[in-house]
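Colleague: Requesting a structural model of the entry that follows:
(3 chains)
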Amino acid sequence: MVFEQSKDNADNALLALYAINAVTLIIKMFWVTTLTSKTRISKKVYANTEDAKISKGKVVLNDPDVERVRRAHLNDLENIPSFLIVSFLYILTNPSYGLAFILFWGFTLARIAHTVVYAVRPKPQPARAISFGVGLAITFYMSVRVLRHFW
Amino acid sequence: MVFEQSKDNADNALLALYAINAVTLIIKMFWVTTLTSKTRISKKVYANTEDAKISKGKVVLNDPDVERVRRAHLNDLENIPSFLIVSFLYILTNPSYGLAFILFWGFTLARIAHTVVYAVRPKPQPARAISFGVGLAITFYMSVRVLRHFW
Amino acid sequence: MVFEQSKDNADNALLALYAINAVTLIIKMFWVTTLTSKTRISKKVYANTEDAKISKGKVVLNDPDVERVRRAHLNDLENIPSFLIVSFLYILTNPSYGLAFILFWGFTLARIAHTVVYAVRPKPQPARAISFGVGLAITFYMSVRVLRHFW
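Modeller: All right, here's what the predicted structure looks like:
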């Protein structure tokens, strides 16, 4: 199997949809990275002695605010790379553009909401459970479609 | 480089093999997600105050059973996305279908075994070391093949 | 969208560049895995009772040397899979080979440096901040290029 050079074609609508969502999700993850740094700096709590030294802070490994942001980040790592693989395979199954559009943006918006209610402005449950569940349901639906197409 | 529309062709055997293994591994990871939730609910130990509140449980960050499942999950994140990238590049090297079949399903079964002996029914070593090592060896072998093909 | 069989072609220069960097980064991550094991074995501190038993060590969950390597590994997981997706999309935007070469190897070398100054021979800041920042800046630049191409 070799990738082939060719002019752009209609397929690029799905590929472009994939690319834009993938990059949006990755920039969203960078945003969580900056949230961790901001929380560490504002509370002067660091994980490494060399960071505490340069910032005149303390080494604290269990600050609840920092740990909350780190859990939000880990939840991203558990969900977003999986989505990026499954949704790439999904566009190879020739789905309708409209459905792919709803699924991809549905996932992306659900993950942005997840970050907001988990790490930016913690909200009572079930806010986080819903945003997490929507993302998981979309990935699971696409997984089943991919399985059925390629089996 | 542009993806091109075409009829299905013989290559799809390798792509289908890849897609089915990728989705199986991703569903396996979701299974670990549900294991974490089940363990938290059965022991009523949560990481977030809002979860403890709605479930009338406690905030506990070092429950040994929950931490074991979380380590199994983190080990997945350290191994499965790497495999999904390397194995995709591997099918671009025109390997034989038979060998790719053994390598891909070998990895997938090894990772399922890893989850079972680590998080579902903890077993004495070297059960986990073997399942982990088989997965790592397969990814490493394919990495070398990809390097030799593209160098 | 279907992948098509064809002879190799000029595009493969970018694909080869991608493949070699991807595999180098993944082997670099395996190296961090072995660092964790080596640190655990040399200090006889394990996360699991079955590991401590077979190695006649102790269960310790907060050893500072092990936790440092684990943070370096987690930082890899936060940055390398994102790069592997964005840089794949980036080669679909028909960039110049020279620029792609600088960006890809720049990222790879920055992440190797990050591992060295974080986990192998801890160095005072800003060594780690610079290596982390270079990798992030490269991924962010490519993210913007991908967005502009596909929008």
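Colleague: contacting residues for A:D65?
Modeller: Contacts for A:D65 (C-beta atoms under 8 Å, 6 or more residues apart in numbering or on different chains) come out as A:T39, A:K43. The C-beta positions use only the backbone N, C-alpha and C, and glycine is treated the same way.
Colleague: Roughly how far does it sit from A:T49?
Modeller: Using C-beta to C-beta, to the nearest Å, A:D65 is found at 20 Å from A:T49.
Colleague: Same check on A:R71?
Modeller: 24 Å.
Colleague: for A:V86, same thing?
Modeller: Distance from A:V86 to A:T49, by C-beta to C-beta: 40 Å.
Colleague: what about these two, which has more around it?
Modeller: A:V86 (25 against 14; other C-beta atoms under 10 Å in any protein chain shown).
Colleague: Check which residues of the helix or strand where that one lies are buried.
Modeller: Here A:V86 sits within helix A:64-91, counting by DSSP states H and E. Within helix A:64-91, the residues scored as buried using 16 or more other C-beta atoms under 10 Å in any protein chain shown are A:65-91.
Colleague: which residues touch the residue nearest the centre of chain A?
Modeller: Centroid-nearest residue in chain A, with C-alpha atoms, centre = their mean: A:I80, separated by 3.9 Å. A:I80 sits next to A:L25, A:I26, A:M29, A:R111 when contact means C-beta under 8 Å, 6+ apart.
Colleague: Name the secondary structure element that contains the nearest residue to A:P124 once chain neighbours are set aside.
Modeller: What sits nearest to A:P124 in space, not counting adjacent residues and going by C-beta to C-beta, 6 or more residues apart in numbering or on different chains, is B:E50, at 5.1 Å. For B:E50, the element it lies in under DSSP H and E is helix B:49-55.
Colleague: And for A:V134?
Modeller: helix A:127-150.
Colleague: low-scoring pLDDT stretches of chain A, where are they?
Modeller: Scanning chain A for pLDDT under 70 picks out A:1-11.
Colleague: Up against chain C, what does it have?
Modeller: By C-beta under 8 Å from any C-beta of the partner chain, the part of chain A that sits against chain C consists of A:1-5, A:11-12, A:14-16, A:19-20, A:22-23, A:26-27, A:29-30, A:33, A:47-48, A:50-51, A:53-54, A:61, A:73-74, A:77, A:81, A:84, A:91-92, A:94.
Colleague: angle of the longest helix anywhere in chain A against helix C:127-150?
Modeller: For chain A, the helix that runs over the most residues, judged by DSSP state H, is helix A:12-43. For helix A:12-43 against helix C:127-150, the angle by axes from the mean of the first three to the mean of the last three C-alpha atoms, to 10 degrees is 150 degrees.
Colleague: and helix A:12-43, how far from the chain's centre?
Modeller: Computed by C-alpha atoms, centre = their mean, to the nearest Å, the chain-centroid distance of helix A:12-43 equals 7 Å.
Colleague: What's the first helix or strand after that helix?
Modeller: Past helix A:12-43, the next helix or strand by DSSP H and E is strand A:45-46.
Colleague: related to what we said a few turns ago, please give the number of neighbouring residues around the residue nearest to A:P124.
Modeller: Neighbours of B:E50 under the rule other C-beta under 10 Å: 19.
Colleague: dump the residue contacts of A:G57.
Modeller: A:R40, A:I41, A:K44, A:V45, A:Y46, A:D51.
Colleague: How is the spatially closest residue to A:I54 that is not a sequence neighbour assigned, secondary-structure-wise?
Modeller: Spatially, and ignoring its direct neighbours in sequence, A:I54 is nearest to C:Q125 (4.4 Å; C-beta to C-beta, 6+ apart). Assigned by DSSP: H, G, I helix; E, B strand; the rest coil, the conformation of C:Q125 is coil.
Colleague: before we move on, the earlier item: send me the helix holding B:E50 as PDB with only the CA atoms.
Modeller: Taking C-alpha atoms only, helix B:49-55 is exported to PDB below (Å, rounded to 0.1, in the frame of the first residue of the first chain):
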ATOM      1  CA  THR B  49     -15.600  16.000  45.600                       C
ATOM      2  CA  GLU B  50     -18.500  16.400  43.200                       C
ATOM      3  CA  ASP B  51     -18.400  12.600  42.500                       C
ATOM      4  CA  ALA B  52     -18.300  11.700  46.200                       C
ATOM      5  CA  LYS B  53     -21.200  14.100  46.800                       C
ATOM      6  CA  ILE B  54     -23.600  12.600  44.200                       C
ATOM      7  CA  SER B  55     -22.700   9.000  45.200                       C
END
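Colleague: partners of the helix or strand following that helix in the sheet?
Modeller: The helix or strand immediately downstream of helix B:49-55 is strand B:58-59, counting by DSSP H and E. When pairing is defined by DSSP bridges, strand B:58-59 lines up against strand B:45-46 (parallel).
Colleague: which residues touch the strand it pairs with?
Modeller: B:R40, B:A52, B:S55, B:G57, B:K58, B:V59, B:V60, B:D63, B:V66.
Colleague: Among those residues, name the buried ones.
Modeller: Buried among the contacts of strand B:45-46 by 16+ other C-beta under 10 Å: B:R40, B:A52, B:D63, B:V66.
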